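Visitor: Structure here, sequence nowhere to be found:
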């Protein structure tokens with residue numbers, strides 16, 4: 001698969017983007033052919049117009065109505081697999097934001113996870129439209145593809161070791177430095193909860209640490225890297241365990257975002273932290289009612305071993321905070337409560353900064369990467385205070401699970417902080433987003449970073 005734009009060529013076929021029954025800009029031959037084929041310009045409808053010699057004179061993609069487009073995204077990009085495998089160029093004058101969405105969607109439509117099957121047929125290619133930053137869009141598409149590949153790979157081939165390999169490969173590509181704390185070395189290095197969660201697996205837990213850049217504000221990304229989650233001794237039912245290869249979706253998303261940041265050469269200092277573990281079951285697995293001491297010194301009562309992600313993140317967030325970064329961002333497939341609240345398509349996020357939340361919401365709308373703010377609701381702090389320890393990793397009652405998890409994490413960060421509770425999975429195919437692993441929130445963050453970091 002190619003996630004690059006085609007080189008400009010005189011052989012590129014003109015591609016028109018038209019709303020319902022708005023055909024004034026089409027050549028006469030296309031209008032005539034559209035009428036004969038009952039082409040109305042409905043959303044996602046595709047038409048190829050033949051030339052006299054049997055070749056393709058031009059092509060048309062239906063853009064529907066504004067109301068229809070509000071119900072999704074990347075509809076023009078979906079044409080990449082509906083059109084013949086040729087080179088196309090968009091000749092319709094679209095607003096810049098819509099042109100960028102169409103171009104990115106076209107590249108992302110070319111993505112397929114083919115590690116274990118014969119590669120799918122090639123998609124049509126697109127010449128980068130005039131007026132867009134083609135390199136930026138190609139880098140973003142590559143970052144998204146990295147996230148998807150990591151999530152889609154099953155745990156048999158994506159354990160903590162393999163996640164470390166992907167982490168090192170990304171660092172090598174961009175000239176970043178890597179440090180890894182492995183296995184029992186986590187204890188003298190004071191990462192006790194990362195060690196505790198991962199110690200029952202035959203695959204050693206580790207903390208992955210990457211640094212890049214020499215100038216600018218320090219941004220630290222922390223991604224949950226639970227490569228498979230059985231639930232531990234509070235074992236998940238099979239219906240809940242089936243998708244747990246994606247429980248490292250937070251790590252996959254921050255690595256995709258890190259690729260975008262480094263590939264675009266943003267003037268910042270970047271640190272990426274990934275606690276990479278497998279939550280498994282053995283005689284040395286941690287137990288309900290255990291009380292753990294964290295890197296920060298706070299004690300945590302374990303009331304559900306299936307609420308392990310916040311434990312490994314807590315130690316990593318404490319380390320992140322020790323550098324006093326300008327901003328800490330955590331991303332994690334953390335709670336089912338977030339999915340109940342906003343479904344699989346929205347990425348809920350938490351921040352104490354109204355200004356940051358506003359900038360992120362504007363960026364999300366610009367780049368078609370939807371997010372939704374949830375609150376760090378202070379009155380719920382009491383729900384994560386069990387009395388016998390400083391914190392409870394799984395408050396009883398079932399209320400506000402995403403919020404209480406976010407409040408738990410906030411206890412370990414003093415620096416400006418944002419937390420994303422992502423799903424990392426597209427449950428059914430959509431334009432430019434095949435069923436499977438998917439990035440959430442990374443493109444919105446990338447667009448907002450100049451404002452968030454005051455670059």
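Guide: Nice, thanks for sending it over. In this text the structure is predicted, and so the values were computed from the model without any measurement.

Visitor: okay, now residue 366: neighbour count?
Guide: 16 (other Cβ atoms under 10 Å). C-beta coordinates here come from the backbone N, C-alpha and C atoms, glycine included.

Visitor: Check which helices and strands the strand or helix carrying it is in contact with.
Guide: Assigned by DSSP states H and E, residue 366 belongs to helix 354-367. When contacts are defined as 3 or more Cβ pairs under 8 Å, 6 or more residues apart in numbering; DSSP states H and E, helix 354-367 packs onto helix 96-109, strand 347-351, strand 371-373, helix 442-452.

Visitor: give me that answer again for 6 Å
Guide: helix 442-452 (3 or more Cβ pairs under 6 Å, 6 or more residues apart in numbering; DSSP states H and E).

Visitor: State the pLDDT value of the closest residue to residue 286 other than its chain neighbours.
Guide: Of all residues beyond its chain neighbours, the one nearest residue 286 is residue 196 (5.0 Å), with distances taken as Cβ to Cβ, 6 or more residues apart in numbering. Residue 196 carries a pLDDT value of 98.

Visitor: Tell me how this protein divides into domains.
Guide: Domains of the chain are assigned by automatic domain parsing as 13-126, 137-452.

Visitor: CSV please, covering the ones you listed and showing distance to residue 3.
Guide: Below are the domains of the chain laid out as CSV (distance: least, Cβ to Cβ, whole Å):
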stretch, distance to residue 3
domain 13-126, 5
domain 137-452, 4
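
Visitor: Just name the most buried of the ones you listed.
Guide: Comparing the domains of the chain by mean neighbour count (mean count of other Cβ atoms under 10 Å), domain 137-452 ranks first with a mean of 20.

Visitor: among the domains of the chain, which is nearest residue 2?
Guide: domain 13-126 (6.0 Å; Cβ to Cβ).

Visitor: Helices along the stretch 301-450 of the chain, start to end?
Guide: 309-322, 336-342, 354-367, 401-410, 442-452 (DSSP state H, counting those that start in this stretch).

Visitor: what does the stretch 51-200 of the chain give?
Guide: Under DSSP H, counting those that start in this stretch, the stretch 51-200 of the chain gives helices at 66-69, 96-109, 134-152, 160-174, 192-198.

Visitor: Mind checking the pLDDT average for the shortest one?
Guide: The average pLDDT for helix 66-69 rounds to 94.

Visitor: Return the residues in contact with the closest residue to residue 312 other than its chain neighbours.
Guide: Distances taken as Cβ to Cβ, 6+ apart place residue 275 nearest to residue 312, at 3.8 Å, with adjacent residues excluded. For residue 275, the contact set (Cβ atoms under 6 Å, 6 or more residues apart in numbering) comprises 194, 207, 225, 312, 316.

Visitor: let's see it at 10 Å
Guide: 160, 181, 186, 191, 193-195, 197-198, 205-208, 222-226, 250-251, 309, 311-317, 319 (Cβ atoms under 10 Å, 6 or more residues apart in numbering).

Visitor: Make sure I have this right: it is in a strand.
Guide: Yes - applying DSSP: H, G, I helix; E, B strand; the rest coil, one finds residue 275 inside a strand.

Visitor: could I get the helices of the stretch 51-200 of the chain as a markdown table with distance to residue 402?
Guide: Formatted as a markdown table, these follow (distance: least, Cβ to Cβ, whole Å):
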| stretch | distance to residue 402 |
| --- | --- |
| helix 66-69 | 29 |
| helix 96-109 | 27 |
| helix 134-152 | 20 |
| helix 160-174 | 25 |
| helix 192-198 | 20 |
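
Visitor: For residue 362, find the nearest of those helices.
Guide: helix 96-109 (11.5 Å).

Visitor: tilt between the closest one and helix 134-152?
Guide: Angle of helix 96-109 versus helix 134-152, following axes from the mean of the first three to the mean of the last three Cα atoms, to 10 degrees, is 40 degrees.
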